[in-house]
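> Provide a 3D model corresponding to the input given below.
(one chain, ligands or ions: 2)
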Amino acid sequence: MSASQSCLFCRIVAGELHAERVYEDDRVVAFRDINPQAPVHLLVIPRKHLVSLGEAEAEDAGLLGHLLLCGRELARQEGILERGYRTVINTNREAGQTVFHLHVHVLGGRFLGWPPG
Ligand code: AMP
Ligand code: ZN
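Ligands and ions are numbered 1, 2, ... in the order given. As a prediction, the model looks like this:
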């Protein structure tokens, strides 16, 4: 089975599964998390299927930077850039990764505790 058939986020990229999209371009798609952990909780994902940050290659460096900068612009758009927001990339099981298509969480709109749970 191809990644686009089996992967939840590839199906969102393909438009087969609905998501509340807030941004997209030729390399990334951003949408609201279905189970928000803060007043603002977005996910920014590459259109390309990358399993995790742990499997990204040097050639993905530009794409990884673009994901972070898109997250920053979305934080600005959501009005949380100046107040503060957090970008999170969970990588593999002990970090809590549940969807194995690389995604950047953009969280904000409330005080966020540190260290994370
Ligand atoms: P992680 O635990 O870092 O792998 O994050 C996966 C995130 O994807 C979780 O915050 C989920 O709530 C979110 N999620 C799962 N399915 C969907 C979906 N269909 N639409 C939007 N967000 C989703
Ligand atoms: Zn995928």
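
> Regarding this protein, what is its longest strand?
strand 40-46 (DSSP state E).

> From the rest of the structure, what touches that one?
Here strand 40-46 makes contact (Cβ atoms under 8 Å, 6 or more residues apart in numbering) with 9, 12-13, 22-23, 27-33, 63, 67, 70-71, 74-75, 78, 80, 85, 101-109. (Glycine included, C-beta is placed from N, CA and C.)

> Same check on stretch 68-86?
By Cβ under 8 Å, 6+ apart, the surrounding residues in contact with stretch 68-86 are 22-23, 25, 28, 30, 40, 42, 44, 87, 104-109, 112.

> Closest to residue 93 out of those?
Nearest to residue 93 out of the contacts of stretch 68-86 is residue 105 (Cβ to Cβ; 16.7 Å).

> picking up where we left off before, flag every buried residue along the longest strand of the chain.
Within strand 40-46, the residues scored as buried using 16 or more other Cβ atoms under 10 Å are 40, 41, 42, 43, 44, 45, 46.

> Which of the contacts of strand 40-46 fall within helices?
The helices, defined by DSSP state H, take in 9, 12, 13, 63, 67, 70, 71, 74, 75 from the contacts of strand 40-46.

> Kindly report the residues of the protein close to ligand 2.
Within the chain, the positions near ligand 2 by Cβ under 5 Å from the ion are 3, 7, 9, 10, 49, 101.
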